[in-house]
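K.L.:
Sequence plus predicted model, see below.
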Amino acid sequence: MQFVKEFRNPHLAEALLAQINHVAQRIGCTRKRPVTVMEVCGGHTHTIFRYGLDRKLPDNIEFAHGPGCPVCVLPKGRIEDAIAIAHRPDVILATFGDAMRVPGGSGSLLQARAAGADVRMVYSPLDALALARANPERQVVFFALGFETTTPSTALTILRAHAENISNFSILCQHITIIPTLHALLEQPDFNVDGFIGPGHVSMVIGTQPYAFIAQDFKRPLVVAGFEPLDILQSLLMVMKQIEAGDARIENQYARVVASQGNLAAMAAIERVYEVRQACEWRGLGQIAGSGLQLRAEWSHFDAEKRFAMQPHHLADQEQCRCGDVLTGRIKPPQCQAFGRACSPDHPSGALMVSSEGACAAYYEYHGVGEAA
Amino acid sequence: MSGTLTGIGADGRITLAHGGGGSAMRSLIDEVFLAAFAQDPAAAQEDQARLDLNALAQQGDRLAFTTDAFVVEPLEFPGGNIGTLAVCGTVNDLAVGGATPVALSAAFVLAEGLELAVLRRVVQAMAQSAARAGVRIVTGDTKVVPRHACDGLFVTTSGIGVIRPEHSISIAAGQPGDVVMVNGTLGDHGAAILCARGDLALQAQLHSDCAPLNTLVDALLDAVPDVHCMRDATRGGVAGVLSELAEDSGVLVTIKEASLPVHPEVEGVCEILGLDPLFLANEGKLVVVVPPCHAEHALAAMRGHPLGCNAAIIGTLQASPNRRGAVHLVNEFGGTRVLTMPSGEQLPRIC
């Protein structure tokens, strides 16, 4: 497969690993005091485990698996909101496939479907709009979630619905944005991460400028990375070289996709349709100021929360799960007492076990249970 | 075409009358089912098929008996339809036990409103697949249910076959050292169905691999009678079979990812959706386990058959440190991961 296989070349990977190893030796990091690099994006977490990159690295370099898996950070209360809407007899609720398995308080959307709710899996918000066109007598609600990767497509769908005057379409908006969350993490006094591998798809939309504060204010390097194993290794090498040189800059390894100014049309669509929510809840992390988006007043007639006069649910995270500590890099998944016991991919109780991009599910799938980090 | 059948209106659709026991049902059975399946119209009028025991006993020493229910959306897809699946699925379940398929039954649940033309195409595909496999459909049943009680058409087929004395194939018979092979590309059926549903807007030239595998199995068993394990990899994909093999034989199955044959377009669909071809359904693929001394011979025998030209050795069995066994995938980077089965279907990732 062109443009994919090239980035999975094992010989080039060995060469990069050797270079990473050399830099690590020169830095003088040790097993007890490793260099810790956080990959922000769940897609990167998946690649790291899929290709066993974590096991290929010397033990003086560690990955911390960041909060960039939108399905993982879906709060339980929000799932309950979606389930409540889906159970209305006049509603078709549409959402992405992997959001359907996330457990809320009373179960998942898949279970709600089995109990009679009309829940449909779609691949794009435009598919949900097509459902609205095809079912004029029903209310079609798109459970809109994700970072800036998916936010523009929901925005454009709202604009399309407006242009076509489709009145039976609305969204339950759970779009979130990564920058305030990174800021909140960096402000924590025990946040022990030396550098970042930055999200590729989000950066394709927002560009590289929004990360500037990470270098300027917090003196950490960040390298925006692609999703193939060589992308990750090359980005890690770039981060390590900055650490060695005492630099803290924002670099772009994924230049074949990410332009430094981002995608101006996509950002204009986001700006036109959404505004920042005062605070937004993240599963495992709690409320983070300014980290969520909501529809502007101009588009509020497309807001399902208003259309159905909903009272949002608020549910506490599972106490036994330490998702927050995993998300902030304080512990590895097997160090959580629920891992592989009360919490497994078949019966996820914590968010990070839900999606294959979640750190706990990745550990479980690729390392097996009972194997420590 | 539809006008010849009692109870079919101008819109050419099945009604509840076609399951009601009266003349409409009789007409449906005679003109659709018997016309396609019956080789001996007199025998077909009885309530049961009658098979000559002596003839069967001369072919082997054990009778194999299997049943399978088929539901698929859409009913028709590139490479086949629910009828092709219903015949091939049961033929293959017999064949992988080393049985020569002899006879099938077919039971239909039709939804009121089903187009007769669709039913005719399904029945035609069943007759063709049966002919291709050299097996007869000897008995059957039809019910019609209200429009929303069933999604178009469900088919259940059962089959019997005869196992030759020299074969003892079992999913629990894998031995350390054995070699694991498949007869061709993985995930073609699953990917074709995903694309045929039309909600992906993916332009891919994908065809289901749906095919009766009994002649391929014959060629393999003629060349290598000492096949230890054999399964057709349907739902759950090759990964599902490998998990069962590991567990039931109590062995460690080590698979080299780079050796897995995958059609480039299936690989592309999987990349876009975040799916793994190992877990996608197949309807014409076998997982075969043979002793290492017969591996090359078995591979050559499969490659000599049109349904095995992309056959490949994908891994080996080793002694397992515990009784449960495990499946390990070794990637091109030399990394190993443990293969675990998802609790349900794979769901596409958000981004």
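P.N.:
Great, that's in hand. Numbers count the residues shown, from 1 in each chain, chains lettered A, B, ... in the order given.

K.L.:
any idea which helix or strand carries the closest residue to B:Ala17 other than its chain neighbours?
P.N.:
Closest residue in space to B:Ala17, ignoring its immediate chain neighbours: B:Ala24 at 4.0 Å, by CB to CB, 6 or more residues apart in numbering or on different chains. Bear in mind the C-beta positions are built from the backbone N, C-alpha and C, glycine included. B:Ala24 belongs to helix B:23-28 when assigned by DSSP states H and E.

K.L.:
Which positions in that helix come out as buried?
P.N.:
B:Ala24, B:Met25, B:Ser27, B:Leu28 (16 or more other CB atoms under 10 Å in any protein chain shown).

K.L.:
Dump it to PDB, keeping only the CA atoms.
P.N.:
C-alpha atoms of helix B:23-28 as PDB (Å, rounded to 0.1, in the frame of the first residue of the first chain):
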ATOM      1  CA  SER B  23     -52.600 -23.000  -3.100                       C
ATOM      2  CA  ALA B  24     -50.200 -20.000  -3.000                       C
ATOM      3  CA  MET B  25     -47.800 -21.900  -0.800                       C
ATOM      4  CA  ARG B  26     -48.000 -25.000  -3.000                       C
ATOM      5  CA  SER B  27     -47.300 -22.800  -6.100                       C
ATOM      6  CA  LEU B  28     -44.300 -21.200  -4.400                       C
END
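
K.L.:
what about A:Glu148, how many neighbours?
P.N.:
When neighbours are counted by other CB atoms under 10 Å in any protein chain shown, A:Glu148 registers 26.

K.L.:
pretty sure it contacts A:Ile206?
P.N.:
Yes: using CB atoms under 8 Å, A:Glu148 makes contact with A:Ile206 at a distance of 5.3 Å.

K.L.:
Can you name the residues of the stretch 201-350 of chain A that neighbour chain B?
P.N.:
Counting by CB under 8 Å from any CB of the partner chain, the stretch 201-350 of chain A comes close to chain B at A:His201, A:Pro229, A:Pro345, A:Asp346.

K.L.:
coming back round to it: pick the one among the buried residues of helix B:23-28 closest to A:Phe143.
P.N.:
B:Leu28 (44.1 Å; CB to CB).

K.L.:
Could you check how far that closest one is from A:Lys76?
P.N.:
52 Å (CB to CB, to the nearest Å).

K.L.:
got it, and B:Asp52?
P.N.:
For B:Asp52, the distance to A:Lys76 - CB to CB - is 64 Å.

K.L.:
Of those two, which one has the most company?
P.N.:
Neighbour tally, B:Asp52 and A:Lys76, criterion other CB under 10 Å: the higher count belongs to A:Lys76, 21 against 8.

K.L.:
Let me see the backbone angles for the more buried one.
P.N.:
Taking degrees, to the nearest 10, you get phi -60, psi -40 for the backbone angles of A:Lys76.

K.L.:
Quick check: pLDDT value at the residue of chain A found nearest chain B.
P.N.:
As assessed by CB to the nearest CB, chain B sits closest to A:Gly52 within chain A, at 2.2 Å. pLDDT for A:Gly52: 86.

K.L.:
quick one: the strands in chain A?
P.N.:
A:35-41, A:61-68, A:91-95, A:119-121, A:139-146, A:169-175, A:195-198, A:222-224, A:250-252, A:274-276, A:279-282, A:286-289, A:293-295 (DSSP state E).
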